[in-house]
Every structure is written in C-alpha cells, then in structure tokens.
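Chemist: Build me a structure from this.
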Amino acid sequence: MKLSLIQMNTIGDKAANLKTAAELIESAVALERPDWVALPEVFDFIGGTRADKLAAAETLPDGSAYKTMQDLARRHGIFIHAGSILEKIPGEDRLHNTTVVFDRTGQEIARYRKIHMFDITAPDGTAYRESNSFKPGDAIATYPCEDMIVGCSICYDIRFPDLYQALVAKGATMIVVPAAFTMQTGKDHWEVLLRARAIETQAYVCAPAQTGPHSIGKETRQSYGHSLIVDPWGHVIAKASDGVGFVSARIDPALAAKVRAQIPVASHKVAIA
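Modeler: Prediction:
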C-alpha cells in the first residue's frame, strides 16, 4: 500500500489554500500513484481572528473544503484523509477542528473532532489557547482502509497515549496525526512523540504537517513541518524536507501483526491499582 503525506504552509486565504492542497494532491498522484493521501491539520485555513475563522468554517457535508477533497478522492480513486477542516457548530461561537475521510468512491467513511485542546504557554512565553476558538470532540474514530483499520487523531492529541491505546483496542494498525506543531515544541518533541506512539501501539503512525509562517494579527508564528511516517517498530521510513511538498512510502499492512507477535505487549498488560 502506497501512502503520501501532503505538507503545506496554510495561510489566511481559504481559496488559495484549497487550490494549493488540490495541486499538491494532483502532483502526488501523478508522480507517486498513492492509494491513500493525508493532509495536515487545518489545511483549509490558519491564523486570523476568531471572526476570520468563523467566516472560513463550513457546515459539513457542505462547503468548499469538503467538496474539493470528496471530488479528488472520487476522481483519482484514492483514500483522502482530509487533515482537519474548520467545522461550524450550529448555535455556537466556537468551532470543531474536524477530520473527514473519503474512500476511493468519494464516500465519507470517518469523521473525527479533535479531543485535546492546545492550551499551553511556550518556552518563550507565547500563549496558545485553542479552547477559546474550538470546542473539543468527545468520541474516537477509526475506519477500514484496504487491509488495515486506521485510527484518527489530531496534533496535540499525540501527547495523550491513552487515546492511542483506545484506537488500538478498536483494531487500529495505522494512526494518523495531521498537525500544525509549533516550531518551539516541534524541534524538541515532534519526532520523539511520534516514534513513541508507534512503538507503544505497534502501529504505523503517519503525520502530515504544516510548515512555515502564518499570521495572527500582527504576530507571525512558525509551524515545524517535517511530516513523518513511522513503522510499527519505531523506524522513520519517510520524512519531508523543509518547505511545501509531499513525502511518500510503501507500507506492509502485515507488519503490525508481526511486530505484535514478536513483542506481545497487549497480552502483558496488568491492572495497576
């Protein structure tokens, strides 16, 4: 099975972002012929004020980001794990940060709303308060993809191993982490966390990422990039360079079962009071 991860520098211009996303998917399909393609977190719109985000958001299944990805999946006969989209919530002034997945026919087969909110203070004192604009989801999500079950997560979720164990309990042998990691946390934590989750779950971990600058008012923030595919043993088998583009790898769906048989972690778990 061939995977391609799209790495983007999303900005506060939704039409431009969707055009870039579509062009990158078209290029990946032409050059790599993947079975499955994934986009980064908030590939449709990043930055701006709360009002800007609300204006760019969609009511699913309507909206240009949803329809664009659905059409690309159907036209190219590929699975598209559409990173995350800004989703309107009727009657609310906050949004959901939502993954939508399409199969080879363009049928929606999964929807996941980010559970863990990025409310932190970075080492340089910059405050991030995702919960001011986003409402957390409350349910995990998996979906079938050829011979695999794929689990959904988004960015900050990577710091919560219990979510990943819950996805494995639902049968996941690949887990996806679309992200917009900050430069400060990314340079120290990104690859370590992704490899740790892969080793713990004995599953493939695929992480398409945002890269480069975006603006929030007069402030410019940097995303770390370095999209990764990690195998169930914890090896990085594909890693994107700096900048916009894509990275691909061929994976073996049977490898998770092989690794789990070699080190049967699941059967060794004990209840700890």
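Chemist: What residues does the closest residue to V244 other than its chain neighbours make contact with?
Modeler: Spatial nearest neighbour of V244, excluding adjacent residues (C-beta to C-beta, 6 or more residues apart in numbering): N9 at 5.3 Å. For glycine as for every other residue, the C-beta is placed from the backbone atoms N, C-alpha and C. For N9, the contact set (C-beta atoms under 8 Å, 6 or more residues apart in numbering) comprises Q210, T211, G212, P213, H214, S223, G243, V244.
Chemist: possible to save these as CSV with pLDDT and distance to P161?
Modeler: Shown next, in CSV, are the contacts of N9 (pLDDT from 0 to 100; distance: C-beta to C-beta, whole Å):
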residue, pLDDT, distance to P161
Q210, 98, 23
T211, 97, 26
G212, 94, 29
P213, 92, 31
H214, 89, 29
S223, 95, 23
G243, 96, 31
V244, 98, 31
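Chemist: Can you flag the buried ones in these?
Modeler: Burial by neighbour count, 16 or more other C-beta atoms under 10 Å: within the contacts of N9 this picks out Q210, T211, G212, H214, S223, V244.
Chemist: Enumerate the beta-bridge partners assigned to the closest residue to the fifth one other than its chain neighbours.
Modeler: Same thing as S223. Sequence neighbours aside, Q210 is the residue nearest to S223 in space, at 3.8 Å (criterion: C-beta to C-beta, 6+ apart). On the basis of DSSP bridges, Q210 is bridged to M8.
Chemist: my read: Q210 touches I46, true?
Modeler: Yes - taking C-beta atoms under 8 Å as the definition, Q210 is a contact partner of I46 at 6.8 Å.
Chemist: which neighbours do these two share?
Modeler: Common contacts of Q210 and I46 (C-beta under 8 Å, 6+ apart): T10, A180.
Chemist: would you say G47 is within a helix?
Modeler: No - read with DSSP: H, G, I helix; E, B strand; the rest coil, G47 is coil and lies in no helix.
Chemist: Pull up the gap between it and D157, please.
Modeler: For G47, the distance to D157 equals 21 Å [C-beta to C-beta, to the nearest Å].
Chemist: Using the three-state scheme, assign H214.
Modeler: Applying three-state DSSP: H214 is strand.
Chemist: Touching, it and G12? I think so.
Modeler: Yes - H214 is within contact range of G12, at 7.1 Å (criterion: C-beta under 8 Å).
Chemist: shared neighbours of those two, which are they?
Modeler: I46, G47.
Chemist: List the contacts of the residue nearest to G243 when sequence neighbours are not counted.
Modeler: Spatial nearest neighbour of G243, chain neighbours left out: T211 (6.3 Å); criterion: C-beta to C-beta, 6+ apart. Contacts of T211 were listed using C-beta under 8 Å, 6+ apart, and they are Q7, M8, N9, S223, Y224, G225, H226, A240, D242, G243, V244.
Chemist: hmm, try it at 7 Å
Modeler: Taking C-beta atoms under 7 Å, 6 or more residues apart in numbering, we find T211 in contact with Q7, N9, S223, G225, D242, G243, V244.
Chemist: F79 too?
Modeler: Going by C-beta under 7 Å, 6+ apart, F79 touches D35, W36, A73, F102, D103, R104, C145.
Chemist: Quick one: buried ones out of those?
Modeler: D35, W36, A73, F102, D103, R104, C145.
Chemist: my guess is A82 meets K67, correct?
Modeler: No - using C-beta atoms under 7 Å, A82 is not in contact with K67, being 10.9 Å away.
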